[in-house]
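Colleague: Quick one: sequence and predicted model below, then my questions.
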Amino acid sequence: MSKARLIITAVVLEGRSQAEVARDYGISKGWVSKLVARYRIEGAATFEPHSRRPQRTPNAIPSDSIELILQLRGELASRGLDAGPHTIAWHLKQHHQLTVSPATIWRTLNLAGLITPQPKKRPKTSYIRFQAELPNQCWQSDFTHWALADGTDIEILTWLDDHSRYALSCTAHQPVTVTAVLTTFRTTTTTTFGPPASTLTDNGLVFTARFRKGRNIFETELRHRNIEQKNGRPNHPQTQGKVERFQQTMKKALAKNPPPATVAELQTQLESFRNYYNTQRPHRSLNNRTPAAAYAARPTAVPAGSNLNEHNRIRHDIIDSNGKLTLRHNGKLHHLGIGRTHARTPVLILIQDLNIHIINATTGELLRELILDPTKDYQPQNQRKPLNPGVQRFPMS
């Protein structure tokens, strides 16, 4: 017999006082009183286990927000796009002016049965992560296979910026040749983006002929333009992990489209996905910014030797408790005012002669840009001189 049943029996059937029963059983008089009151209302149901769920949840999100979360999940998943909690949270904030934490979105999806447990993965701590400091500092490239509706094998060549994950180019070929690599590289560098400081690829013959003791036309192009060529270790695709991961995401999206009948139709699908990936898909490694936003947030690098008359450097520092940074120019120390609100913030200082960019090293936010006045020891916060927007800013080698 349960203790609750013994207490009810003692009070109701035996007629003992609640205070006496509480003393004999070593419990509070309040609990005995509540138990007896519940028994007079519920009867025998009093002895059944009761739910511990609160009667109301004032912090729960509204039902229309739940419906919107589930709607976004369905729309993104149906297009083969990332539909995780962080991506849904970004879309809610950007397109619906609604802020919901990824944890709340995950619980909502889980309650709806939309979370599939994932198998154990290799721990993130086992990877050695690297990322270029600036856009155009390194471009990764690779190609993968895709089939047309009639089964014809097509190869898709991708150029990806290492710093921002910006998809610079995605083109369909039958097949990818060294001429195609050179043509797409030239088109990409001469349109919007300019030349990179370096490239990173695997050891495919379309990228390098080094194992044949020679140099192909793509390698010759890089050499003439002072662009450093880097190749991953054979049979180690993790070196080009960013472009490999991009191709996985791209193929997942392509699989949701009708099979293309022609190369031109496939190219249209690729451009549609590339636009979405660059401008509408937040990336967790970019602090939930889009690749386009990350690419535009910092000045672009250029090949070594392109600006030999300029003094370019990158420096890591921490803003002091007074909201200031120090910078030495021509042997003279200058103080830069950033603001006390940013005290103890780690920053990245991008310097090209007198042109200075100060960026939050954690979030990528531009804290200040200025042109250093060498005649003044202190550069106040209101001394902000933006550069001509029509000129490419701060090339870094």
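Modeller: Received it, and whenever you're ready, just let me know what you need.
Colleague: Now do the contacts for T108.
Modeller: 61, 66, 69-70 (CB atoms under 8 Å, 6 or more residues apart in numbering). C-betas here are computed from N, CA, C, even on glycine.
Colleague: Following the chain past whichever strand or helix holds it, name the next helix or strand.
Modeller: Here T108, judged by DSSP states H and E, is contained in helix 102-111. Where DSSP H and E defines the elements, the next helix or strand beyond helix 102-111 is strand 139-147.
Colleague: Other residues contacting that following strand?
Modeller: So strand 139-147 is contacted by 153-162, 168, 172-173, 176, 181, 185, 196, 198-202, 204, 206-207, 240, 242-244, 247, 250-251, 254, 259, 266 (CB under 8 Å, 6+ apart).
Colleague: before we move on, back to that, list the buried residues for the helix holding T108?
Modeller: 102, 104-106, 108-109 (16 or more other CB atoms under 10 Å).
Colleague: Quick check: P195 vs L350, distance?
Modeller: From P195 across to L350, the span is 19 Å (CB to CB, to the nearest Å).
Colleague: now do K324
Modeller: K324 sits 18 Å away from L350, going by CB to CB.
Colleague: So if I had to pick from those two, which one is more boxed in?
Modeller: L350 (23 against 18; other CB atoms under 10 Å).
Colleague: quick one, what contacts the closest residue to that one other than its chain neighbours?
Modeller: In space, and not counting its chain neighbours, L350 is closest to H357: 4.1 Å by CB to CB, 6 or more residues apart in numbering. By CB under 8 Å, 6+ apart, the residues touching H357 are 298-299, 349-351, 366, 368-369, 394.
Colleague: can you give me the helices for this protein?
Modeller: 3-8, 18-25, 29-42, 63-78, 85-96, 102-111, 178-188, 217-224, 241-254, 263-279, 291-297 (DSSP state H).
Colleague: Point out the most buried one among those.
Modeller: helix 291-297 (a mean of 19; mean count of other CB atoms under 10 Å).
Colleague: quick one: low-confidence parts of the protein?
Modeller: Applying pLDDT under 70 to the chain picks out residues 1, 119-129, 305-312, 331, 383-397.
Colleague: what do you get if the cut-off is 80, keeping everything else the same?
Modeller: Along the chain, the model assigns pLDDT under 80 to residues 1-2, 44-59, 117-131, 190-191, 212-214, 235-238, 304-313, 329-332, 352-353, 382-397.
Colleague: tell me the domain ranges of it?
Modeller: By the record's domain assignment, the chain is partitioned as 3-47, 63-111, 139-296, 307-379 (automatic domain parsing).
Colleague: closest to S17 among the buried residues of helix 102-111?
Modeller: Comparing the buried residues of helix 102-111 against S17 with CB to CB places T104 closest, at 49.1 Å.
Colleague: Would you enumerate the residues in contact with the closest residue to the closest one other than its chain neighbours?
Modeller: Take T104 and drop its neighbours on the chain: the residue closest to it by CB to CB, 6+ apart is I61, 6.2 Å away. Shown in contact with I61 (CB under 8 Å, 6+ apart): 100, 104, 108.
Colleague: N330 now?
Modeller: Here N330 is in contact with P374 (criterion: CB under 8 Å, 6+ apart).
Colleague: ok so, going back, quick one: which of the contacts of T108 is nearest H224?
Modeller: I69 (52.8 Å).
Colleague: mind checking how far that closest one is from V100?
Modeller: In terms of CB to CB, I69 sits 7 Å off from V100.
Colleague: what do those two both touch?
Modeller: Listed as contacting both I69 and V100 by CB under 8 Å, 6+ apart are L92.
Colleague: one step back: and the helices of the chain as JSON lines, adding distance to A343?
Modeller: Formatted as JSON lines, these follow (distance: least, CB to CB, whole Å):
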{"stretch": "helix 3-8", "distance to A343": "59"}
{"stretch": "helix 18-25", "distance to A343": "58"}
{"stretch": "helix 29-42", "distance to A343": "52"}
{"stretch": "helix 63-78", "distance to A343": "37"}
{"stretch": "helix 85-96", "distance to A343": "28"}
{"stretch": "helix 102-111", "distance to A343": "29"}
{"stretch": "helix 178-188", "distance to A343": "41"}
{"stretch": "helix 217-224", "distance to A343": "44"}
{"stretch": "helix 241-254", "distance to A343": "34"}
{"stretch": "helix 263-279", "distance to A343": "34"}
{"stretch": "helix 291-297", "distance to A343": "22"}
